Every structure is written in C-alpha cells, then in structure tokens.
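> Mind folding the following:
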Amino acid sequence: MQSDNSILTTSQWTLLSNLIYSYDEQKLLSIAQQFINNNDDSTLSKEFFIKIYETTGKYIRSNGDFCKLSLDDRSAFLRNIAENVTCLGTVLSWNQSQIYNCKPFIDIYINFYGENLVTMIKRVLKYIDPDIVITKLALSLFAFSTNNSIFSLNMIIRPLNTLAIFQIQNIYAEVIWKYLLHKYNYDQSIQRFINLIQCLLSATDTVYHIQNIEKHVNDIESLIEETELTFILDDVEYINENKS
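Below is the predicted model of the structure:
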C-alpha cells in the first residue's frame, strides 16, 4: 500500500455516520448491565439472546445499501448478512459491556450454545479494536462478506449478483482505510487494518461453527422470515403509493 493522506469526502463521512448508527446496541448494553448488577437472572439472559437477533434485523432493514439491492439479490444474500451481523454484533456487545467477565452469564450462554462457541467468541474479542468507530465499520464490512453460510440439502440456493456485493465491500473498506488515515499515522493505520482482518477471519470461523447449533439455526430462520415479510410489505406499500 502507498500512503494516502486524502481525507474522507462529504458523502463518505455521511456513510460512516450512517453505518455507525445502523447497528444500535444500546438495548443490549442495558440488558447486560442489568444482568451484571443482578448477577444471576436467566430471564435477562434470554432477553439478551432474543435482542441480539432483533438488533440484527433492525440493522439489515436500516442498511441503505442492502435495501437498494434487487429483490432477488436481497433474498439470496439475506441469510449471509443475518449470520454475519448476528455473530459480530454479539462480539461487539460482549466487548462493550464486558459481560464475558460475568461467570453466571457465561454459564447460561454455554448451556444454550455450548462451550466451544464461547471459546471462539473470546478469540474474536482479542482482535476487537478499542476504537468503537472502527469496530462498527468492521461489522458493516463483515455484513457483506460472502461464502460464510452452510446450506442444507433442502434449501433453495438463489443466484447472487456478487459484483453488487463486491462493490459495497469496496466502498466500506475504503471508508475504513480513510478513517484510519484521518485519525492515526500510517504505521498505526496498517497495524489496525491488519488486526481488523484477523478479527474478521476469526469471526468467519465462528459463523461457520454456530450454524451447526440448533437453537441459533431456529432463531436465524425466524429472523429471516420476519425480515423477508417486512421487505415484501414495504415493496407492496411502495408500489401502491406510486400507483396513486
């Protein structure tokens, strides 16, 4: 890489801001804090698990680039983006709340998802950047990463316009790199970007693993069905408005 001291354009700053606020983890952090204060509350832990998927759904519906994809591309890529955002969103919320230090929570999580998943999440945590802006941007870049989904034999595989996804990846990667150069020196920017890649590689392993866990698979299926229905209703409303 050659040094690039160019600053972010106005449109890139706008995109950066939108991506940061698209994933709103505040309710997750609130639940985590309540759990830590109560020290042992299975109801709160279950609420936390449910909220992870709800937060993912809201992110998907609020991401302008995903919404602009064709109906076929949205359907083909929905499972991929749902898996990726759920995974890194979980890591992000664990990191900010530090709930991974709360043994009662970890014990409940192991009971639901298994000890191996906790180990893998903690591995991803090692690479999380302390700069929350970088972490939020990394989540969006990971959201549009491909080839992470396991497909069952009875699942319909839809063709995907990978070029459209690749273009979104490029836009997000450029924003991350320019933000790094804007805030840090060149050497620090390189090191943080390498660290980000390590984070996403570890997250990819975690996504692959969690797709073998029945509870997660069921929750993802519910999320996908709900999100698809929301998009269909939005499309119908848009068509009706244009007719009137």
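
> Packing partners of the strand or helix carrying residue 56?
Residue 56 belongs to helix 42-62 when assigned by DSSP states H and E. Here helix 42-62 touches helix 26-38, helix 71-97, helix 103-113, helix 214-243, going by 3 or more Cβ pairs under 8 Å, 6 or more residues apart in numbering; DSSP states H and E. Where C-beta positions appear, they are placed from N, C-alpha and C, glycine not excepted.

> Highest mean neighbour count out of those helices?
Of all the helices and strands packed on helix 42-62, helix 71-97 has the most neighbours on average by mean count of other Cβ atoms under 10 Å, namely a mean of 22.

> now it and helix 103-113, what's the angle there?
Here the directions of helix 71-97 and helix 103-113 differ by 150 degrees (axes from the mean of the first three to the mean of the last three Cα atoms, to 10 degrees).

> Give me the mean pLDDT for helix 71-97.
On average, the pLDDT along helix 71-97 is 94.

> Go through the helix holding residue 56 and flag the buried ones.
Neighbour counts over helix 42-62 (16 or more other Cβ atoms under 10 Å) mark 44-45, 47-49, 51-53, 55-60 as buried.

> for this structure, which spans come out with low pLDDT?
1-6, 39-40, 147-159, 235, 237-244 (pLDDT under 70).

> From the centroid of it, which residue is nearest?
residue 85 (2.0 Å; Cα atoms, centre = their mean).

> right, and it touches residue 62 too?
No: the criterion here is Cβ atoms under 8 Å, and residue 85 misses it with residue 62 at 11.2 Å.

> Please enumerate residues in contact with stretch 32-43?
The contact list for stretch 32-43 (Cβ atoms under 8 Å, 6 or more residues apart in numbering) reads 44, 45, 48, 93, 97, 99, 102, 104, 105, 108.

> Figure out the length between the terminal residues of that stretch.
Distance across stretch 32-43, first residue to last, is 12 Å (Cα to Cα, to the nearest Å).

> swap in stretch 58-77?
16 Å.

> Let me see the contact set for the nearest residue to residue 81 once chain neighbours are set aside.
Once flanking residues are discounted, residue 81 sits nearest to residue 143: 5.1 Å by Cβ to Cβ, 6 or more residues apart in numbering. By Cβ under 8 Å, 6+ apart, residue 143 lies in contact with 59, 63, 66, 81, 84, 85, 88.

> how close does the fourth one get to residue 144?
In this structure, residue 81 and residue 144 are separated by 7 Å, where distance is defined by Cβ to Cβ, to the nearest Å.

> Tell me the residues that contact both of these two, please.
Shared contacts of residue 81 and residue 144 (Cβ under 8 Å, 6+ apart): residue 66.

> thinking again about what came up before, ok, so what distance separates the nearest residue to the residue nearest to the centre of the chain once chain neighbours are set aside from residue 144?
Once flanking residues are discounted, residue 85 sits nearest to residue 56: 4.6 Å by Cβ to Cβ, 6+ apart. Going from residue 56 to residue 144 by Cβ to Cβ gives 14 Å.

> and if you look at residue 54?
For residue 54, the distance to residue 144 equals 21 Å [Cβ to Cβ].

> Direction-wise, compare the helix holding residue 56 with helix 214-243 and give the angle.
40 degrees.

> what's the angle from helix 42-62 to helix 26-38?
Using the same axes, to 10 degrees: helix 42-62 against helix 26-38 is 170 degrees.

> C-terminal to helix 42-62, what's the next element?
By DSSP H and E, the next helix or strand past helix 42-62 is helix 64-68.

> Give me the buried stretch members for the helix or strand hosting residue 120, please.
Per DSSP H and E: residue 120 is located in helix 115-125. Neighbour-count burial for helix 115-125 flags 117, 118, 120, 121, 123, 124, 125 (criterion: 16+ other Cβ under 10 Å).

> again, but for stretch 166-178
168, 169, 171, 172, 175, 176, 177, 178.
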